[in-house]
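> sequence below, structure please.
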Amino acid sequence: MSYFKHHVFFCCNQRAAGDDCCNNFKASELQTYAKERSAQLGLKGKGSVRINKAGCLGRCDDGPVMVVYPDNVWYTYIDKDDVDEIIDQHLVHGRIVERLRLPDGDKA
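Modelled structure (predicted):
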């Protein structure tokens, strides 16, 4: 069994001015919000949820992005409402938020 039920990584990479990156879309601010919100809901800690910042996750064109493990579900988001929906639906109730889900990127 994993130490955390869900481990969430927010890409908070910052590139040079003019280059696409998740931090241009307030990724660090929304990661902090998600961490605080999950704590308020009692989701923080062993056996529950861990919200982390990550460097580049390699999906800048889809940004901003986050990934939820071990489910391997990639999301994009715009604002706190989207982050709340991901927390409430996926992390609390185990339901993937299809409208925010990114394709896996597998090329056949």
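> and stretch 50-66, end to end?
13 Å (Cα to Cα, to the nearest Å).
> work out the gap between it and the centre of the chain.
Mean-position distance between stretch 50-66 and its chain equals 7 Å (Cα atoms, centre = their mean, to the nearest Å).
> next one: stretch 16-32
Put simply, stretch 16-32 sits 13 Å off its chain's centre (Cα atoms, centre = their mean).
> compute the first-to-last residue distance for it.
Counting by Cα to Cα, you get 22 Å between the two ends of stretch 16-32.
> could you do stretch 66-79 as well?
13 Å.
> and E85, that one's in a helix?
Yes: assigned with DSSP: H, G, I helix; E, B strand; the rest coil, E85 falls within a helix.
> what sits against the most centrally placed residue in the chain?
Nearest to the geometric centre of the chain sits M66, at 2.9 Å (Cα atoms, centre = their mean). Applying Cβ atoms under 8 Å, 6 or more residues apart in numbering to M66 gives the contacts V8, F9, F10, C11, Q31, A34, W74, Y75, Y77, I86. Where you see a C-beta, it was placed from the backbone N, CA and C, and this is true even at glycine.
> what sits against the closest residue to it other than its chain neighbours?
Of all residues not flanking M66 in the chain, F10 sits nearest, at 4.7 Å (Cβ to Cβ, 6 or more residues apart in numbering). Taking Cβ under 8 Å, 6+ apart, we find F10 in contact with 22, 27-28, 30-31, 34, 51-54, 64-66.
> if I look at A54, how far off is V92?
Distance of A54 to V92, given as Cβ to Cβ, to the nearest Å: 22 Å.
> the longest helix belonging to the chain - contacts with which helices or strands?
Using DSSP state H to define each element, the chain has its longest helix at helix 27-40. Applying 3 or more Cβ pairs under 8 Å, 6 or more residues apart in numbering; DSSP states H and E, one finds that helix 27-40 contacts strand 6-11, strand 49-54, helix 80-85.
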